[in-house]
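>>> give the three-dimensional model of this entry:
(chains A and B)
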Amino acid sequence: MRTALPATATPPAPRLRLRLGTAVGISVLLSQLTSPGLLLAACAAGLLLALAASANGVLPLHSLLRRIASVNLFVAMLWLTLPWALQGGGPQWSEAGAHHALLISLRTNAVALGCMALLAGLDAFAIARAAAGLGLPSRLARLLVLTVRYLGVLDDTRRRIDLAMRARGFRPGANRRTVAVLAQQLALILVHAMLRAERVDLALRARAFATAPQPATRAPRPWRWAAGTAALCLGSSLLWLLR
Amino acid sequence: MHLAEGVLSAPVLAGAAALAAAGVAFGLRRLGEAQLPLAALLGAAFFVASTIHVPVGVGSVHLILNGLAGLMLGWAVFPVFFVALLLQAALFSFGGFTVLGANLLIMALPAVAAHYLLRRLVRPAEDGTPPPRRRLLVAGAACGIVGIGGAAALASLALVLSGGHLFTELIGLLVLAHLPVFVVDALISAATVALLARMLPAALAAVRA
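So this is what the prediction gives:
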């Protein structure tokens, strides 16, 4: 897994928060647009910004192309199904289905390109800092930061195991041996993670780390969740019906 | 299994986001302060494991392992998967921010179901004897079946609620495309659970109640 993008100076925290917040904002906005013209303009703007980021060296072109391709795998599935109505004589072209597929394709690409442009050059640590600064509950923010910290460690473990397996002549294929070897690899990664967690726990205790529960993260009472969920669903349903 | 941005309707997105937020809050409540490093390490381990590709025919599939993660983490799988999906959306454009709640429900709810359905099968006996290998293999395979099968069912439900009959063929294609993942995930989860019981019995004994 490549979580580390080319070394770039990490932007200051307010700018990180602004970039991630804007990416979330445009995702919400663009995912509800129904005008093909506006969505096409958003796609073009996103592509230009992403290409500019690529020209500046913060988003490698091969990475940009790979991400566009992966986003459009789902779009390809849409075009294979939505515009075709199965009737008595076989599949028939449906204008309504094609329009729907076009809208979804434009939305998917506009959101993806916009987010790629806005978040270009940010690595996992920067994303974690930005997300933590955007009001995540403190325990969730700590979980995010710790996960990002351990990703590199466990990815190194995976690479070492992978190298050792290949050095012993393992070549993956669609066979029983591959299942056994990959299960070993996965079990080793999990064991490594659990042993490391044990060491972290010992180290924290040795430093007299207080493990008493902190009141920072408390789930609201069930009726508040129910009321909030109902209000959110009602509001978004009204918006959806009125658009 | 990620749904892309722009597919689901606003009410489905909002409802899923609210339910996912409730799941994350409940998961965080169950996750003690001292267990954060373990949850983060297991989350990172499953994130890394999801990059392992298994050759199938002319292509390859990557592991999802949500059932196995659910078995080991219980409700903590909600915050752990939230972190993973957030990073995947931001760094790799898999899924997206608006659809994060729906994707989280799709991945985490079957994982929690796997935890409650299968945890008894993998717990060692009172005297520390690990369960029989056959039972471990069944539990591991069931992790893949419940995890991927449940995710496919929930993704289909989200699509039906958003577009009705419009998405019928898409759902069929989506399920068909995930059949190899379903088989591979079940096989590898089965072998992994059996191996974990031999390599580090405490790993399964620590399965959260």
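>>> just the pLDDT for residue 31.
This is for chain A. We have a pLDDT of 91 for A:Ser31.
>>> oops, I was thinking of chain B
With respect to pLDDT, B:Leu31 has a value of 87.
>>> one more: the one 10 residues further on?
Looking at B:Leu41, its pLDDT is 91.
>>> now do the SS call for it.
The three-state label given to B:Leu41 by DSSP: H, G, I helix; E, B strand; the rest coil is helix.
>>> surely it and A:Leu154 touch.
Yes. Judged on Cβ atoms under 8 Å, B:Leu41 makes contact with A:Leu154 at a distance of 7.3 Å. All C-beta spots, glycine's among them, are computed from the backbone N, C-alpha and C.
>>> what is in contact with these two at once?
Residues touching both B:Leu41 and A:Leu154 by Cβ atoms under 8 Å, 6 or more residues apart in numbering or on different chains: A:Ala193.
>>> list the buried ones in the lengthiest helix in chain B?
The single longest helix within chain B, with elements called by DSSP state H, is helix B:133-163. Using 16 or more other Cβ atoms under 10 Å in any protein chain shown as the test for burial, helix B:133-163 gives B:135-152, B:154-156, B:158-159, B:161-163.
>>> following it, which helix or strand comes up?
On the C-terminal side of helix B:133-163, the nearest following helix or strand under DSSP states H and E is helix B:168-177.
>>> any idea of the angle that next one forms with helix B:133-163?
Counting by axes from the mean of the first three to the mean of the last three Cα atoms, to 10 degrees, helix B:168-177 points 160 degrees away from the direction of helix B:133-163.
>>> any bit of helix B:168-177 sitting next to chain A?
Yes. Using Cβ under 8 Å from any Cβ of the partner chain, helix B:168-177 reaches chain A at B:169-170, B:172-174, B:177.
>>> quick check: next helix or strand after that helix?
Next element after helix B:168-177 (DSSP H and E): helix B:179-199.
>>> off-centre distance for the one helix or strand B:Met72 maps to?
In the assignment (DSSP H and E), B:Met72 maps to helix B:66-73. Here helix B:66-73 is found 6 Å from its chain centre; the criterion is Cα atoms, centre = their mean, to the nearest Å.
>>> who are the packing partners of it?
Using 3 or more Cβ pairs under 8 Å, 6 or more residues apart in numbering or on different chains; DSSP states H and E as the contact test, the elements touching helix B:66-73 are helix B:36-49, helix B:77-92, helix B:100-122, helix B:133-163, helix B:179-199.
>>> if I pick residue 131, what's in contact with it?
Just going to use chain A. Contact partners of A:Ala131, counting by Cβ under 8 Å, 6+ apart, are A:20, A:141, A:144, B:86.
>>> think we crossed wires, I meant chain B
Counting by Cβ under 8 Å, 6+ apart, B:Pro131 touches B:121-125, B:139, B:197.
>>> quick one: it is in a helix?
No. Assessed with three-state DSSP, B:Pro131 is coil; it does not lie in a helix.
>>> quick check: B:Val61 is in a helix.
No. Under three-state DSSP, B:Val61 sits outside any helix and is assigned strand.
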